[in-house]
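# below is the sequence, then the predicted model.
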Amino acid sequence: MEIAPIVRRVLGDVPLAVEGHDGSKAGPDDAVGTLVLANSDAQSIKRAAQAQGMDSLRDDGARKVLEGTTTVEEVLAATVEDVVVE
């Protein structure tokens, strides 16, 4: 049986600490957390998170398409804002 993580504290929409069923804790990386607390733009926060290994929503969707759990159309519909033109 899988137990969902418990969010201990929240600042806005960003959990400061999350405790898993085994007692392990995870939180935003210092660079990401610093940007969030400084009210940085979403694109800067996203870049910092991806530099720390976070996949984009579109990347995760592509993986799920390959697994057969969703469709390309659903991923594209859900990730329109995930595309950045620089």
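Yep, that arrived.

# every contact and neighbour count from this point should use C-alpha atoms.
Noted.

# can you give me the strands for the protein?
Here the chain has its strands, by DSSP state E, at 6-11, 14-19, 25-26.

# low-confidence stretches in the protein?
Across the chain, the ranges flagged by pLDDT under 70 are 1-29, 82-86.

# what are the ranges of the helices in it?
30-37, 42-51, 57-67, 72-78 (DSSP state H).

# mind listing what's buried in the last one?
Buried positions in helix 72-78, judged by neighbour count with 16 or more other Cα atoms under 10 Å: residue 75.

# what does it contact?
By Cα atoms under 8 Å, 6 or more residues apart in numbering, the surrounding residues in contact with helix 72-78 are 58, 61-62, 65.

# 10 Å instead, please
57-62, 64-66, 71, 82-83 (Cα atoms under 10 Å, 6 or more residues apart in numbering).

# for residue 68, the count of nearby residues, please.
10 (other Cα atoms under 10 Å).

# an error on my part: the question was meant for residue 37.
By other Cα under 10 Å, 11 other residues sit near residue 37.

# quick one: it from residue 67, how far?
Distance from residue 37 to residue 67, counting by Cα to Cα, to the nearest Å: 36 Å.

# now residue 50
Distance of residue 50 to residue 67, given as Cα to Cα: 22 Å.

# higher neighbour count, these two?
Using other Cα under 10 Å as the criterion, residue 50 and residue 67 rank with residue 50 on top: 13 against 10.

# could you pull up phi and psi at the residue nearest to the more buried one when sequence neighbours are not counted?
Counting by Cα to Cα, 6 or more residues apart in numbering, residue 50 lies nearest to residue 56, which is 7.3 Å off, once chain neighbours are set aside. Main-chain torsions, residue 56, degrees, to the nearest 10: phi -70, psi 160.

# equivalent analysis for residue 39, please.
Backbone torsions of residue 39, given as degrees, to the nearest 10, read phi 60, psi 40.
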